[in-house]
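Enquirer: Give me coordinates for this.
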Amino acid sequence: MNRTAALTLIATIITANFPALARDERLMFPVGAALNTAAAQDKLDRGVRLYFGEQKHPKPVANLGEWATNKKTNAFNKSDQEACEWVFLSAVLELQERARKQGGDAVINIKSNYKNTETNSTTEYMCGAGNIMAGVALKGTVVKLGAK
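Expert: Okay, the predicted model is just below:
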């Protein structure tokens, strides 16, 4: 076998094995832990409140629509939890930004929606963790709340 054919065969074998090396685990992590990281404490907008799942909230005086976010981050050289908390914060910040743009002061009924698998929890969010990327998809309803 000539050198070109041998290299082509090796490249084909390596490429065929990449899907076996890929990892896409769906993990659940606590919302509270992610919201209490130093980065979250520094960046979250306290003027836009967040309510996850069926968490109780004041009655909205205006419903400004359901919005979704789908964020990814580099997970290289990070633990799954560290990467997932970082990308979760990014997704939550995007929901808060949307609420401000729409004139809302809260996002209610926030649910995970990773790869269109909806997870409704007051205490946990779903994160897709891979070898080099992590992702969080959230959706929630932007509202203007009544009395606080």
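Enquirer: okay, CA-based contacts and neighbour counts for the rest of this
Expert: OK.
Enquirer: Just list the residues touching Glu118, thanks.
Expert: 111-112 (CA atoms under 8 Å, 6 or more residues apart in numbering).
Enquirer: partner residues bridging it?
Expert: Here Glu118 sits in beta bridges with Asn113, going by DSSP bridges.
Enquirer: Mind listing the strands the top strand by length along the chain pairs with, and their directions?
Expert: Longest strand in the chain by number of residues, with DSSP state E as the criterion: strand 60-74. Taking DSSP bridges as the criterion, strand 60-74 sits next to strand 133-145 (antiparallel) in its sheet.
Enquirer: Confirm for me that Val87 is in contact with Met133.
Expert: No - applying CA atoms under 8 Å, one finds Val87 not in contact with Met133, separated by 9.8 Å.
Enquirer: residues contacting the closest residue to Arg49 other than its chain neighbours?
Expert: Of all residues not flanking Arg49 in the chain, Ala106 sits nearest, at 4.4 Å (CA to CA, 6 or more residues apart in numbering). Applying CA under 8 Å, 6+ apart to Ala106 gives the contacts 47-51, 96, 99, 142-145.
Enquirer: Gly104 now?
Expert: 48, 64, 142-145.
Enquirer: Can you pick out the most distant pair from the contacts of Ala106?
Expert: Gln96 and Leu145 (14.1 Å; CA to CA).
Enquirer: and these two? which has more neighbours close in?
Expert: Between Gln96 and Leu145, counted using other CA atoms under 10 Å, Gln96 has the larger neighbour count: 24 against 19.
Enquirer: Lovely, talk soon.
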